[in-house]
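# With the input below, show me the fold.
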Amino acid sequence: MNRRIVFLAAAIVVLLLLLLLLMTCRRRSVCSTFDKDDEGWRVTGDVQNESAKPDFIDREGNPGGCLSATDQAAGGVWYWNAPGKFLGSKAWMMGGELSYDLKQSETDSQFEAADVILEGKGMSLLYVFPRRPGKEWTSFKAVLSAGEGWKKNDINGAAAGEGDFRKVLSALEGLKIRSEYRTGPDKGDIDNVCMGKR
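Predicted coordinates:
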C-alpha cells in the first residue's frame, strides 16, 4: 500500500515538473509565421485603402505564407500592428529579442522613421535599424534591453533605460513594425515575427 502511494506521489511530481517545463518552454517566445492566415495582425496608416486588414499570401513567404499591404502614398508612415498574443504582461522578455523578415517593392527615395515601436503605460520605446529592407527578404533583430539603441518617445530622444523597459514590457499595449520606407507608392511584406528570450 505504501509503495503504491509513494509511486503515485512520484508520478504526480514528475508530471507537474514536465508541465512546468512545457509552460516555461512555451513562454520563451511568441511567433507569427503566417503559414495559414494573418494571425490577427493589422496595418495602420495610409495603407490598404484605410482597411486595417492586410493581404494574406499563402506563398512567397520566407518560406511559406506572408502578409502584404499596399501604401496609398497619402503621407504618413504605415506600420504592422501585432495581435494580442504579443501584448500584455511581457516583463519576462527583458533582455530577449524581437526578430522579423521584411521586403519592400521599391528601394529608392527612402526616409527615416522609427522601425519598431513598443507602447505601454503612456510611454513609447523606439528603435531605428541602420539599414532598410531590400526587394528580397531581409532579416532584422533587435535586443529588448537598455544600451541597445532604443530611444524614449522620439527617435532623437533620450536613451531608454532598464526601468523604461520594465515599465513598458510589464503592460505592453502596442508593438508596431514599420513597413513604409519609401516616399511614394510601395508595397511591403512581413514574415517570421518572433519575440522572446535569446
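# Against residue 104, how distant is the nearest residue to residue 78 once chain neighbours are set aside?
Once flanking residues are discounted, residue 78 sits nearest to residue 45: 3.1 Å by C-beta to C-beta, 6 or more residues apart in numbering. C-betas here are computed from N, CA, C, even on glycine. Separation of residue 45 from residue 104 (C-beta to C-beta, to the nearest Å) stands at 14 Å.
# follow-up on the earlier one: ok, the residue nearest to residue 78 to residue 138 distance?
20 Å.
# So those two - more neighbours on which side?
More crowded of residue 45 and residue 138, by other C-beta atoms under 10 Å: residue 45, with 22 against 16.
# List the contacts of the more buried one.
Contact analysis of residue 45 by C-beta atoms under 8 Å, 6 or more residues apart in numbering lists 76, 77, 78, 79, 180.
# Could you point out the helix or strand that follows the worst-scoring helix or strand of the chain on mean pLDDT?
Within the chain, no helix or strand scores below helix 2-27, which has a mean of 57 by mean pLDDT, DSSP states H and E. Counting by DSSP states H and E, the next helix or strand C-terminal to helix 2-27 is strand 29-32.
# Just give the strands next to that next one in its sheet, each with its orientation.
Applying DSSP bridges to the sheet, strand 29-32 is found paired with strand 187-196 (antiparallel).
# Looking only at the strand it pairs with, what residues are buried by neighbour count?
Neighbour counts using 16 or more other C-beta atoms under 10 Å place 187, 188, 189, 190, 191, 192, 193, 194, 195, 196 of strand 187-196 among the buried residues.
# can you give me the strands in this structure?
Taking DSSP state E as the test, the strands found in the chain are 29-32, 42-44, 55-57, 66-70, 79-81, 97-104, 116-120, 123-127, 138-143, 151-152, 174-178, 187-196.
# Pass me the low-pLDDT residue ranges in this structure, would you?
1, 3, 6-11, 13-27, 50 (pLDDT under 70).
# try 90 this time
1-28, 45-52, 71-76, 183-186, 197-198 (pLDDT under 90).
# wait, what's in contact with the nearest residue to residue 100 once chain neighbours are set aside?
Distances taken as C-beta to C-beta, 6+ apart place residue 193 nearest to residue 100, at 4.3 Å, with adjacent residues excluded. Residue 193 makes contact with 31, 32, 41, 80, 82, 86, 98, 99, 100, 177 under the criterion C-beta under 8 Å, 6+ apart.
# burial of the residue nearest to the last one when sequence neighbours are not counted, as a residue count?
This points to residue 177. Leaving out its chain neighbours, the residue that sits closest to residue 177 by C-beta to C-beta, 6+ apart is residue 80, at 4.4 Å. By other C-beta under 10 Å, 25 other residues sit near residue 80.
# residue contacts, residue 80?
41, 42, 43, 54, 67, 69, 176, 177, 178, 179, 190, 193.
# Test of understanding: give the bridge partners of the last one.
Listed by DSSP bridges, the beta-bridge partners for residue 193 are residue 32.
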